[in-house]
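Colleague: whatever this is, show me its structure:
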Amino acid sequence: MRGSEDRSSVLFSYIRLEDRIAADHPLRAIRSLVDEALAALSGKFTTLYATTGRPSIPPEQLLRATLLQAFFSVRSERQLMEQINYNLLFRWFVGLDIDAAVWDASTFSKNRDRLLEADVAREFLTVLMSLSRVRRLLSSDHFSVDGTMIDAWASMKSFRPRDGSGDPPGPGRNGERDFRAEKRSNETHASTTDPDARLFRKADGQASRLCYLGHALMEHRHALIVDATLTHATGTAEREAALEMIERTRKPGRRVTLAGDKLFDAASFVSALRDRKVTPHIAVNGTVSKLGKVRKTLIDRRTTRHDGYEISLRIRKRIEEAFGWAKTIGGIARLKVRGIARATAAFTFRMIAYNLIRLPKIIEATG
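Modeller: Next up is the predicted model:
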């Protein structure tokens, strides 16, 4: 017998939101990890908010919603609010009741940015990786480091002389601007849209872009990101960030190895690692000059003769998987925020999301 549509609506609903989510849904395991980390950060949240006034959006819900934006490639806060409004899975993960009103997109953005500018993203990553069921998965001896270019939310036309000179773009919404024969550098020019962005190119022959550099430190046992940061784009930023991250991560006085690509094969960096009792598993930059001379390196047989050196060089490439996920799925290839503080938080949260996507399967596989 053919059924008929019943358009009458009931006054009350007796089905819980919890019952709408499948028991084996992947987000259940992820939310368990997230809730455990957020519970450890509760004291931090208390110090960030005043004790009087109108209650704000709970910080736990703000951070869960930010993770959802990375998991599901939601392009904007406005689209995220629309999804939370009608998507029961999103409501459940964030922690909103089925009848609760969804926040205004601008209110959500302001509250979220104020929270993340307090360096909560880095603490969230640190607490997540220190959970007992996660910490046992990590190597404490072997690490890799790398950096990637993150395009700023700024047009090349906004890169104007600091002294206010220079012709503005032509008329119209997207006016023409000719940069030929014009010398531009970070010393003389700055973006009027995002002053923290820097003009930078990764290598000779590549286009210069207004960007930042995102940096990540990966452990070698399961290739999880244990530290992340974002800096101005400079030629030495990757090596400087690597030293800071390895000092923050390793146990005091413990000898560890650090793998990196040829960019890290600089005498000052290798010496700095050895001074810190860090064994440099750095790929040798054997560039040959026009005169036929091979570039000198401090990476010698003391390091390369060990099997661990070759293993590190093979494993270190997995850090690119985190960058690839963050840019394609996480939507961080081009930032949608301005300023280095917000950019750092956005990049760090994509690294957190990458770990969370992988952790439940790793935990299940390792028992």
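
Colleague: helices of the chain, residue ranges please.
Modeller: For the chain, the helices defined by DSSP state H cover 26-40, 42-48, 59-71, 77-86, 88-94, 105-116, 120-130, 132-135, 237-249, 267-275, 301-304, 307-315, 319-328, 340-366.

Colleague: of all the ones you listed, which one comes closest to Asp141?
Modeller: helix 307-315 (9.6 Å; C-beta to C-beta). In this view, the C-beta of every residue, glycine as well, is placed from N, C-alpha and C.

Colleague: packing partners of that closest one?
Modeller: strand 142-151, strand 256-260, strand 278-282 (3 or more C-beta pairs under 8 Å, 6 or more residues apart in numbering; DSSP states H and E).

Colleague: list the buried ones in it?
Modeller: Neighbour-count burial for helix 307-315, counted by 16 or more other C-beta atoms under 10 Å, picks out 309, 312-313, 315.

Colleague: quick one on the thing from earlier: just so I know, which of the helices and strands packed on helix 307-315 lies nearest Gly331?
Modeller: Closest of the helices and strands packed on helix 307-315 to Gly331 is strand 142-151, at 11.1 Å (criterion: C-beta to C-beta).

Colleague: what packs against the closest one?
Modeller: strand 209-219, helix 237-249, strand 256-260, helix 307-315, helix 319-328.

Colleague: need the helices of the chain in CSV (columns: distance to Arg162).
Modeller: Below are those laid out as CSV (distance: least, C-beta to C-beta, whole Å):
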stretch, distance to Arg162
helix 26-40, 42
helix 42-48, 35
helix 59-71, 34
helix 77-86, 32
helix 88-94, 43
helix 105-116, 27
helix 120-130, 31
helix 132-135, 46
helix 237-249, 21
helix 267-275, 30
helix 301-304, 44
helix 307-315, 42
helix 319-328, 31
helix 340-366, 18
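
Colleague: for the ones you listed, give me JSON lines that also has distance to Glu18 and mean pLDDT.
Modeller: Shown next, in JSON lines, are the helices of the chain (distance: least, C-beta to C-beta, whole Å; pLDDT from 0 to 100):
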{"stretch": "helix 26-40", "distance to Glu18": "10", "mean pLDDT": "96"}
{"stretch": "helix 42-48", "distance to Glu18": "22", "mean pLDDT": "88"}
{"stretch": "helix 59-71", "distance to Glu18": "15", "mean pLDDT": "94"}
{"stretch": "helix 77-86", "distance to Glu18": "16", "mean pLDDT": "94"}
{"stretch": "helix 88-94", "distance to Glu18": "7", "mean pLDDT": "95"}
{"stretch": "helix 105-116", "distance to Glu18": "24", "mean pLDDT": "86"}
{"stretch": "helix 120-130", "distance to Glu18": "24", "mean pLDDT": "95"}
{"stretch": "helix 132-135", "distance to Glu18": "23", "mean pLDDT": "95"}
{"stretch": "helix 237-249", "distance to Glu18": "37", "mean pLDDT": "95"}
{"stretch": "helix 267-275", "distance to Glu18": "50", "mean pLDDT": "95"}
{"stretch": "helix 301-304", "distance to Glu18": "54", "mean pLDDT": "90"}
{"stretch": "helix 307-315", "distance to Glu18": "40", "mean pLDDT": "95"}
{"stretch": "helix 319-328", "distance to Glu18": "29", "mean pLDDT": "97"}
{"stretch": "helix 340-366", "distance to Glu18": "19", "mean pLDDT": "95"}
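
Colleague: nearest to Pro195, of these?
Modeller: Here helix 340-366 is closest among the helices of the chain (C-beta to C-beta), at 9.5 Å.

Colleague: how far does that closest one sit from its chain's centre?
Modeller: In terms of C-alpha atoms, centre = their mean, to the nearest Å, the centre of helix 340-366 is set 8 Å apart from its chain centre.

Colleague: pull out the buried positions in that helix.
Modeller: Here helix 340-366 shows 340-360, 363 as buried, counting by 16+ other C-beta under 10 Å.

Colleague: between the helices of the chain, which gets nearest to Arg295?
Modeller: Closest among these, using C-beta to C-beta: helix 267-275, at 10.5 Å.

Colleague: next, the angle helix 237-249 makes with the closest one.
Modeller: 10 degrees (axes from the mean of the first three to the mean of the last three C-alpha atoms, to 10 degrees).

Colleague: now what about helix 267-275, what contacts it?
Modeller: Outside helix 267-275, the residues that touch it by C-beta atoms under 8 Å, 6 or more residues apart in numbering are 239, 242-243, 246, 258, 264, 279-280, 282, 296-299.

Colleague: okay if I get these as a markdown table plus distance to Gln206 and neighbour count?
Modeller: Listed next are the contacts of helix 267-275 as a markdown table, based on distance: C-beta to C-beta, whole Å; neighbours: other C-beta atoms under 10 Å:
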| residue | distance to Gln206 | neighbour count |
| --- | --- | --- |
| Arg239 | 19 | 21 |
| Ala242 | 22 | 26 |
| Leu243 | 26 | 16 |
| Ile246 | 28 | 19 |
| Leu258 | 26 | 25 |
| Phe264 | 19 | 23 |
| Thr279 | 32 | 20 |
| Pro280 | 26 | 21 |
| Ile282 | 22 | 27 |
| Lys296 | 25 | 9 |
| Thr297 | 24 | 17 |
| Leu298 | 27 | 18 |
| Ile299 | 26 | 18 |
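
Colleague: turn these into TSV, columns for distance to Ala333.
Modeller: Formatted as TSV, the contacts of helix 267-275 follow (distance: C-beta to C-beta, whole Å):
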residue	distance to Ala333
Arg239	24
Ala242	22
Leu243	27
Ile246	26
Leu258	26
Phe264	23
Thr279	33
Pro280	30
Ile282	27
Lys296	36
Thr297	32
Leu298	34
Ile299	32
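
Colleague: thanks a lot, catch you later.
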